[in-house]
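K.L.:
Just to be clear, the model below is a prediction. Sequence and coordinates:
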Amino acid sequence: MRFIVGVSGGIAIYKVVDLVRRFKKRGDEVRVVMTDSATKFVTPELFREISLEPVMTGVFGNEETAAHIKWAEWCDAMIIAPATANVIGKLAAGIADDALTTVSIAMTKPLIIAPAMNKDMFNSAAVTANLVLLKQRGVKVIDPSSGELACGVEGVGRLPEPSEIVEQVDKILNVNKKLSGYKIIVTAGGTREAIDPVRYIGNRSSGKMGYAVAKVAAERGAEVVLVTSSDLQVPPLVKVVNVESAEQMRQAVLSEYGTASAVIMAAAVADYRVANPSEQKIKKAEDTLTLELVKNPDILLELGQNKQKQILIGFAAETQTVEKNAVEKLKKKNLDMIVANDVTAEGAGFGVDTNIVTLITANEAKSYPKMTKIEVADIILNELENMLCKD
Ligand code: C5P
């Protein structure tokens, strides 16, 4: 997500430093807009360092022209924290006399405010009426908590803790972080089995499906380890382990397996490898060349045999009797779900950005129409979330 955090001048500003850090840590992009009085508490430099983005403190003198409009367009939502009585009053009246209020008034995305001030200020007729008006206009308000206030008195007006603000923002925006706290191994790509130092036996898998699963899982908060033989662009916050052969993939997956909550094997693992790959490049000589192949380890089968609490999801790329074969694999490999697809169907399988899948568990089979691989990742992870939540 892309957030603009609007910071006005209240003592609770120290919590907003942590709020920005939290958003950044989980992969969100954050730009900060500060009021003049906010810069009296902390320097824009601090927010620039944490957000790794420019900080706006005025309507004029920004690198971009009409920056307030461009920033409002850039973000998915704006959060004003702390929102002082002054800023709340200006928002209610439609005053736009500084960077923060100008960006706010240009905002067409959700606007969330977290008021923080002394209890008498918060309970004043003006602030109360202004908040009612802002709510009527669709502004979301994160209520202040009660406790000891900066001025020493007890009462309502404290800015909630940063973790709570993040939680409330996610709830308001319907952001799904249900996989947070779970480690998920995802494999992707077709393995490459060496013939000699320059040649290999490969397959048509692009890795796109596995990368889509890794991307969406990370967005939903999972700790993702992507074991891949493909070299697509790694999604944000995903730990990548590059491998080539099935045996390397096996080693990489097994070394992470003990602490994993789930494994999603989207890789097209070669069933056979060359028995004795040549150490030197094989010279062109005879009219025929015979390669002896030996069976590769079945990684998923091994994971199924050594399953503790992990949820295992496999893929069945088939060219005939898709569902029947998939159900057999589900049982044989001790899987919780198998994603079956007919790779001969148009818009499904290798290389393309779409897929047509059936999700098969022990109890049911759900068939879906053609979807993007990101949408397929979404439905797979919805099922995984349900399975993990049953624990
Ligand atoms: O048996 P089949 O290769 O069709 O099963 C496909 C599923 O098993 C995929 O999820 C694939 O990643 C996995 N697999 C594996 N090790 C192999 C072959 C397939 O983990 N050697």
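P.N.:
Thanks, I have it.

K.L.:
buried residues in stretch 171-189?
P.N.:
Within stretch 171-189, the residues scored as buried using 16 or more other Cβ atoms under 10 Å are 173, 175-176, 178-179, 182-189. Yep, even glycine has a C-beta here, placed from its N, CA and C like the rest.

K.L.:
Mind checking which of these are in strands?
P.N.:
Residues of the buried residues of stretch 171-189 located in strands (DSSP state E): 183-188.

K.L.:
Grab the most central residue of this protein for me.
P.N.:
Per Cα atoms, centre = their mean, the C-alpha nearest to the average position across the chain is that of residue 219, at 1.1 Å.

K.L.:
gap between residue 66 and residue 98?
P.N.:
Per Cβ to Cβ, to the nearest Å, residue 66 is found 15 Å from residue 98.

K.L.:
give the contact list for the residue nearest to the centre of the chain.
P.N.:
Counting by Cβ atoms under 8 Å, 6 or more residues apart in numbering, residue 219 touches residue 27.

K.L.:
can you check residue 215 too?
P.N.:
Under the criterion of Cβ under 8 Å, 6+ apart, the neighbours of residue 215 are 235-236, 238, 374, 377.

K.L.:
picking that back up, if you count surrounding residues, which of residue 66 and residue 98 has more?
P.N.:
More crowded of residue 66 and residue 98, by other Cβ atoms under 10 Å: residue 98, with 22 against 12.

K.L.:
Which residue ranges of the stretch 251-391 of the chain form helices?
P.N.:
Counting by DSSP state H, counting those that start in this stretch, the stretch 251-391 of the chain has these helices, from start to end: 299-305, 322-332, 373-389.

K.L.:
picking that back up, rebuild the buried residues of stretch 171-189 as JSON lines, extending it with distance to residue 244 and pLDDT.
P.N.:
Output for these, formatted as JSON lines (distance: Cβ to Cβ, whole Å; pLDDT from 0 to 100):
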{"residue": "173", "distance to residue 244": "41", "pLDDT": "95"}
{"residue": "175", "distance to residue 244": "36", "pLDDT": "89"}
{"residue": "176", "distance to residue 244": "34", "pLDDT": "89"}
{"residue": "178", "distance to residue 244": "34", "pLDDT": "90"}
{"residue": "179", "distance to residue 244": "29", "pLDDT": "94"}
{"residue": "182", "distance to residue 244": "28", "pLDDT": "97"}
{"residue": "183", "distance to residue 244": "24", "pLDDT": "98"}
{"residue": "184", "distance to residue 244": "22", "pLDDT": "98"}
{"residue": "185", "distance to residue 244": "17", "pLDDT": "98"}
{"residue": "186", "distance to residue 244": "17", "pLDDT": "98"}
{"residue": "187", "distance to residue 244": "13", "pLDDT": "98"}
{"residue": "188", "distance to residue 244": "13", "pLDDT": "98"}
{"residue": "189", "distance to residue 244": "9", "pLDDT": "97"}
